[in-house]
Structures are given as C-alpha cells and as structure tokens.
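A.B. asks: Any chance you can model this:
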Amino acid sequence: MNKRRVYFIKPVGMDGPIKVGCSHSPDGRRKTLETWSPFALEIIAEIEGGEDIERQFHALFYDTHQRGEWFDASAKMTAVVAAINGGSFDIEGLPQARRLPRRKSHRTYTPEWRYESSLKARWRHRIKSWPWWNEEFRSIIADGQPLLAHKDALEDLLVRLEAKAKEPA
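C.D. replies: A predicted model of the protein is given here:
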C-alpha cells in the first residue's frame, strides 16, 4: 500500500498560485485538478505525510493563503520547495496545524447581497408557473440600479406572485 504524500502543485510557467494538498497519488490528483484548470499544472514538490502534515504546511503558509488549499508564491514557499526537493526539509520544524480561514466574498456581508439572496430564495418555487414575472422583473430593474434600490417594487411583485400561487387553477 502506497503512503500518503503532501504535494505542491502550480500552473506550468507561473510562480503561483500553489496548491498544498495530500494524496496517495499526487500525479493522479494533478490530472484531476487539470480537468478544470485553465492552465497545465505541475507538481513542484512532494514529501511523505498525511493530512496532519498537510495542515502544518497550511499553517506555515497561512499568511499567503488565497482560497481553499491555494497559496500565493512567496520566498518562504520557494525555500521550502527547494529544501523538500533537496532532501533537507525537516518536518519537525513545521508549526502546529491550524484551520484555514473560510474566505467569503465581500458581497456576503453587504445588505445588497443579503436582499438578493432572500429575494431569490422566496421566488425560486413561484417563478416557474407565471411567465409574466420575468417581463415585470426586468422592467423594474431596467435602470441598472442594485436590487435593494427597487425593494418596494420587488416586494410588491412577490406579493402578486404569492397571490397568483393561491388562486385556484
């Protein structure tokens, strides 16, 4: 049985971003990642270790975290990759594992985003039956302003959709 390995993958010909992950088959993982990546990917380093070692590497590069298991290229990353490839990296020097932040889009915290999400959720099951809603919705937001600027008109449209839903067929 092959052992798990921590791998470092980046786009070919670019400095980063760099994915730090863990797999029994780093090359298989690279191929899987490549199916959705707009760039060819290459493994730039591998070291024996499981998820615990992977999380320690994540902690080491915490300050350059982008999203998920992806990190910006940095002098520290370059030095670690070189040490791994040179066989001189000591995993005993890794920091204690810590959870990576779950970065949400800045839109998540805006009133506009909250209203848009709420409106979509309330309309989702009502819209299918009445084609007229699309024309009215588009006429309300035609000026290109954010949805929140049209809250009263959109709420009125939602009330009419709910009334239609209660009408006998």
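A.B. asks: Make sure P17 is actually in contact with Q66.
C.D. replies: Yes. Under the criterion of CB atoms under 8 Å, P17 makes contact with Q66 at 5.5 Å. (C-beta placed from N, C-alpha, C; glycine too.)
A.B. asks: Neighbour count for these two, which is higher?
C.D. replies: Neighbour tally, P17 and Q66, criterion other CB atoms under 10 Å: the higher count belongs to P17, 18 against 15.
A.B. asks: ok so, going back, spit out the residues that contact P17 and Q66 alike.
C.D. replies: D72 (CB atoms under 8 Å, 6 or more residues apart in numbering).
A.B. asks: Need phi/psi at R122.
C.D. replies: phi -70, psi -30 (degrees, to the nearest 10).
A.B. asks: same deal with G16?
C.D. replies: With angles defined as degrees, to the nearest 10, G16 shows backbone torsions of phi -170, psi -180.
A.B. asks: ok, how many other residues are close to it?
C.D. replies: Considering only other CB under 10 Å, G16 is surrounded by 16 other residues.
A.B. asks: list the contacts for L154?
C.D. replies: Taking CB under 8 Å, 6+ apart as the test, what L154 contacts is L119, F137, I140, L147.
A.B. asks: Next step: those residues restricted to helices.
C.D. replies: Within these, residues falling in helices by DSSP state H are L119, F137, I140.
A.B. asks: which two of the contacts of L154 lie the greatest distance from each other?
C.D. replies: Put simply, by CB to CB the two of these set farthest apart are L119 and I140, 11.3 Å from each other.
A.B. asks: So how do I select the buried members of the ones in helices among the contacts of L154 in ChimeraX?
C.D. replies: To isolate the buried subset of these in ChimeraX, counting by 16 or more other CB atoms under 10 Å, use the following:
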select :119,137,140
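A.B. asks: Could you dump the ones in helices among the contacts of L154 into TSV with distance to H58 and pLDDT added?
C.D. replies: Below are those laid out as TSV (distance: CB to CB, whole Å; pLDDT from 0 to 100):
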residue	distance to H58	pLDDT
L119	37	76
F137	43	78
I140	46	84
